[in-house]
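**Q** quick one: sequence and predicted model below, then my questions.
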Amino acid sequence: MSKSITVVGAGAIGLSTAWELSQRGFDVTVIDKSVTGRGTSWAGAGILPPANLENSFDPIDRLRGLSHQLFPEWAEKLKTDTGIDPGLQRCGGLYLAETVGEIAAMSGMTEYWQEMEIECKQLTPDEILDQEAALADWWHKTDNAAVWHVPDEYQLRPPSYLAALKTACEKLDVTFIENTDVTDIRCRGGRAEIQHTGHWHSGDDRIVLTTGVWTGQIASSLKLELSIVPVRGQILLLKTSRPLIRNIINMGQRYVLAREDGHTLIGSNEEEVGFELGTTGTVLNSLMDFATRLLPDLKSAEHVKSWSGLRPMTFDGFPMIGPVTDVENLYVAAGHYRSGLHLSAGTAVLIADMLSEVTPQIPIEAFQIRKQPGNPTTRSFTTK
Ligand SMILES: Cc1cc2nc3c(=O)[nH]c(=O)nc-3n(C[C@H](O)[C@H](O)[C@H](O)COP(=O)(O)OP(=O)(O)OC[C@H]3O[C@@H](n4cnc5c(N)ncnc54)[C@H](O)[C@@H]3O)c2cc1C
């Protein structure tokens, strides 16, 4: 079996896959239509919620557990090998609920965490203020609110993580071909070939598509257009002279997290606007209102910038990780939605296990490539 691998897409999934494969002795080339690490992964907040591999049963919780177990060692190795600190910190998370519905939903969530033996505790008023004094104003003004503390939540700095992965790959002689759009994929004699720079490229390489939200577009013949769809999320970045909070503060789908240098991220929302990037005043104002209601001191923070990213959503919530049926050399690792940074380590290990022909560390059936029923009729992925 050939040791040459072409990874298409240099986001968190592609770079971590390339790094894992190169460490296992594969000869890896990474191609990206842009510069490395400027897709969705760059836009992510970098929250790694708690997970436990040993006591989880749901496939996505197993993958999250595997990644969670790998991350501290990965981050340390990246730092040692490259001198770039990916900013992994076990900062903990607070989960806030105000309404009866939110409290019920969080109670269900905490019961589920407890079943997986993930440490989680509902805090008393004193404990809340011990954890985060900056929440005092919110806590005193809000009747019947509840707060849970989860110590095993991490934060990561996505741009540093991506830079460290790229440097680690380069040190292992991974070849990077940037600003090169892979425009099509075809299958000949049961093997996939990719088209870029105006030519079809065949060879004995195995190809891994880690093209995130664009995976459906790259080869219409794969019929994945409706299987992975973009869901935009916006983030607002503020700066205070020192961090106002230690924990990541989560409430529903929104969160506030502070970096050690006082940069404070406020996210996020979900919008279906196709492949359009951009921020809107309405969403940024609502993020600011959300954050300043919890942490009034943010009102005087410096506004640094805002951005958006396109999350690759699948219709059943599971990423697709595995071989494409009937094509001997084509694999996909995409569709990680809100968790691609977190799941990157586990995904890389699973793909590398498959390509090394060793039994994957967790069951992979739930992640096989799935076509959304009702996909528009397109060319089928056959020999042409
Ligand atoms: C606002 C926001 C907050 C988020 N927060 C978190 C979080 O806290 N924790 C977490 O785990 N996840 C988070 N996510 C989700 C996470 O960012 C994604 O799941 C993850 O980045 C997907 O990684 P990827 O490598 O699959 O995609 P990408 O990072 O998008 O990489 C795909 C790459 O493929 C390249 N490409 C595409 N098409 C082609 C082509 N035809 N030819 C060549 N190259 C191509 C692109 O240029 C890109 O570089 C967040 C996302 C958003 C938007």
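**A** It's in.

**Q** can you list the buried residues in stretch 359-368?
**A** For stretch 359-368, burial by neighbour count (16 or more other Cβ atoms under 10 Å) applies to 360-362, 364, 366-367. Every residue, glycine included, has its C-beta placed from N, CA and C.

**Q** ignore what I typed, I meant stretch 265-283.
**A** Residues 265-269, 271, 279, 283 are the ones in stretch 265-283 that count as buried (16+ other Cβ under 10 Å).

**Q** pLDDT averaged over stretch 345-354, what's the number?
**A** Model confidence over stretch 345-354, given as mean pLDDT, is 98.

**Q** residues making contact with it?
**A** 13, 16-17, 19-21, 24, 26, 63-64, 66-67, 70-71, 74, 208, 319, 321-323, 331, 333, 336, 359-362, 364, 367 (Cβ atoms under 8 Å, 6 or more residues apart in numbering).

**Q** apply 7 Å and report the result again.
**A** Residues outside stretch 345-354 that contact it (Cβ atoms under 7 Å, 6 or more residues apart in numbering): 13, 16-17, 19-21, 24, 63, 66-67, 70-71, 74, 208, 319, 321-323, 331, 333, 360-361, 364.

**Q** out of these, which touch the ligand?
**A** Ile13 (Cβ under 6 Å from any ligand atom).

**Q** can you get me a residue count around the closest residue to the ligand within the stretch 251-384 of the chain?
**A** Nearest residue of the stretch 251-384 of the chain to the ligand (Cβ to the nearest ligand atom) works out as Gly340 at 2.2 Å. The number of residues packed near Gly340 is 28, by other Cβ atoms under 10 Å.

**Q** and the residue of the stretch 51-200 of the chain closest to the ligand?
**A** Val182 (3.6 Å).

**Q** got the phi/psi numbers for that residue?
**A** Val182 adopts backbone torsions of phi -80, psi 110, taken as degrees, to the nearest 10.

**Q** and what of the one 10 residues further on?
**A** When quoted as degrees, to the nearest 10, the phi and psi of Ala192 stand at phi -80, psi 150.

**Q** for the closest residue to it other than its chain neighbours, give the beta-bridge partners.
**A** Nearest residue to Ala192, sequence neighbours excluded (Cβ to Cβ, 6 or more residues apart in numbering): Leu330, at 4.0 Å. Note on Leu330: beta-bridge partners by DSSP bridges are Ile207.

**Q** next one: Leu330, what pLDDT does it get?
**A** pLDDT recorded at Leu330 is 95.

**Q** would you agree it is in contact with Ile207?
**A** Yes - if you go by Cβ atoms under 7 Å, Leu330 and Ile207 touch, sitting 5.3 Å apart.

**Q** need the overlap of contacts for the two.
**A** Ala192.

**Q** is the closest residue to Asp181 other than its chain neighbours in a helix, a strand, or coil?
**A** Closest residue in space to Asp181, ignoring its immediate chain neighbours: Lys33 at 4.1 Å, by Cβ to Cβ, 6+ apart. Reduced to three states with DSSP: H, G, I helix; E, B strand; the rest coil, the structure at Lys33 is coil.

**Q** since we're on Lys33, how many residues are nearby?
**A** With other Cβ under 10 Å as criterion, Lys33 counts 19.

**Q** I figured it was touching Ile177, is that so?
**A** No - Lys33 is beyond contact range of Ile177, at 10.1 Å (criterion: Cβ under 7 Å).

**Q** tell me the contacts of Glu193?
**A** Glu193 neighbours (Cβ under 7 Å, 6+ apart): 186, 200-202.

**Q** list only buried entries from those.
**A** Arg186.

**Q** would you turn the contacts of Glu193 into TSV with secondary structure and distance to the ligand?
**A** Formatted as TSV, the contacts of Glu193 follow (DSSP: H, G, I helix; E, B strand; the rest coil; distance: Cβ to the nearest ligand atom, whole Å):
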residue	secondary structure	distance to the ligand
Arg186	strand	14
Trp200	strand	14
His201	strand	12
Ser202	coil	17
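
**Q** what is the lowest-pLDDT residue among the contacts of Glu193?
**A** Among the contacts of Glu193, Ser202 has the weakest pLDDT, 81.

**Q** farthest pair within the buried residues of stretch 265-283?
**A** Leu265 and Glu271 (17.9 Å; Cβ to Cβ).

**Q** out of the buried residues of stretch 265-283, who's nearest Leu156?
**A** The closest of the buried residues of stretch 265-283 to Leu156 turns out to be Leu265 (Cβ to Cβ; 11.7 Å).
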